[in-house]
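Undergrad: Compute the structure for the input listed below.
(one chain, ligands or ions: 1)
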Amino acid sequence: MMITRPPLAPPISILMYHQVGRFNNPRKHRAVYCDVGRFERQMAWLHWRGYNVISLAQAYAGLYEGQPIPEKAVVLTFDDGCDNFREYAWPILKKYQYPVTMFLVAGMLGGTTQWMDDVPEEASLMDIATIRELRKEGVSFGAHSVNHVRLSECPPQVAREEIFGSKAKLEDVLGEAVPDFCYPYGYYNQQVADMVEEAGYKTGLTCLRAAANYARSPFELPRKAISYGDTLPGYLWKIHMKNVPKKSLSKGPKG
Ligand SMILES: [Zn+2]
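TA: Numbers count the residues shown, from 1 in each chain. Model (predicted):
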């Protein structure tokens, strides 16, 4: 078991976004949406106040390979691979040259967020051409299973196919290694985390809310969800105050 850099090192906040765009005050799934105006202000604040937005790979190197971790370190992650990323979030991220990792549902490229129930409209998901284009422009991609399933509730053979299969599919699409995995809904258990390791990923990202430094292993990296209702003070509170996990990270599933 690899040991995470002790919490005394500067904390790294891995932020979790899903969709950035214009939404009509959604009543359900609010953690999935972020208004583009708010997103713009969040990124401007990080820039203005001198936060160090680092890539997931840099965070990994800091936590597990002895590389220095900068002060005020933030990692930006996006789940699901929604098409609206290119229109709304990406131009802002490019403006600040912020690295980002996007997690794709490998079996639904070019499809829709059909796993989301009770929404007015499913969002469309990036197709292969868009993914390749964004990769050229600097977006990093990770795997988010094949079918967006709750892995800890699947029979082990199914979970295995979701974890190994999404890696193989995305490596085929991208023509390079895909080192990062993200658990749909944050559902995982020890057996699932072990499969992620066995598949050859370097990380597994959860929905456990804490600084990444408190991870039990690279396959249980905590993240902080940014929600539709987060004002700028709420955003900063999540970055600076929600570092120490509330309970043992060994528990799952959650989210
Ligand atoms: Zn997801």
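
Undergrad: Quick one: the helices in the chain, in order.
TA: Ranges of helices in the chain, per DSSP state H, are 36-48, 56-64, 84, 90-96, 128-137, 156-174, 190-198, 232-241.

Undergrad: For those helices, could you give me a markdown table that also reports distance to residue 24, mean pLDDT and mean neighbour count?
TA: Bear in mind the C-beta positions are built from the backbone N, C-alpha and C, glycine included. Output for the helices of the chain, formatted as a markdown table (distance: least, CB to CB, whole Å; pLDDT from 0 to 100; neighbours: other CB atoms under 10 Å):
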| stretch | distance to residue 24 | mean pLDDT | mean neighbour count |
| --- | --- | --- | --- |
| helix 36-48 | 13 | 95 | 16 |
| helix 56-64 | 32 | 96 | 20 |
| helix 84 | 14 | 95 | 19 |
| helix 90-96 | 21 | 97 | 15 |
| helix 128-137 | 25 | 98 | 14 |
| helix 156-174 | 32 | 98 | 18 |
| helix 190-198 | 36 | 98 | 19 |
| helix 232-241 | 21 | 89 | 14 |
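
Undergrad: So which of the ones you listed is nearest residue 215?
TA: helix 56-64 (7.3 Å; CB to CB).

Undergrad: by contact count, what packs against the closest one?
TA: strand 12-17, strand 73-80, strand 140-143 (3 or more CB pairs under 8 Å, 6 or more residues apart in numbering; DSSP states H and E).

Undergrad: For residue 174, find the nearest of these.
TA: Per CB to CB, nearest to residue 174 of these: strand 140-143, 6.2 Å.

Undergrad: ok, the closest one near the ion or not?
TA: No - figure legend: strand 140-143 not in contact with the ion (CB under 5 Å from the ion); closest approach 11.2 Å.

Undergrad: Give the buried residues for that strand.
TA: 140-143 (16 or more other CB atoms under 10 Å).

Undergrad: Give the other helices and strands that that strand contacts.
TA: helix 56-64, strand 101-104, helix 156-174, strand 180-182.

Undergrad: near the ion at all, the last one?
TA: No - judged by CB under 5 Å from the ion, strand 180-182 makes no contact with the ion; its nearest approach is 7.2 Å.

Undergrad: Please enumerate residues in contact with that strand?
TA: 56, 77, 79, 101, 103, 140, 142-144, 163, 166-167, 196, 199, 201-205, 219 (CB atoms under 8 Å, 6 or more residues apart in numbering).

Undergrad: same thing but 7 Å
TA: Around strand 180-182, the neighbours that count as contacts under CB atoms under 7 Å, 6 or more residues apart in numbering are 56, 79, 101, 103, 142-144, 163, 196, 201-205.
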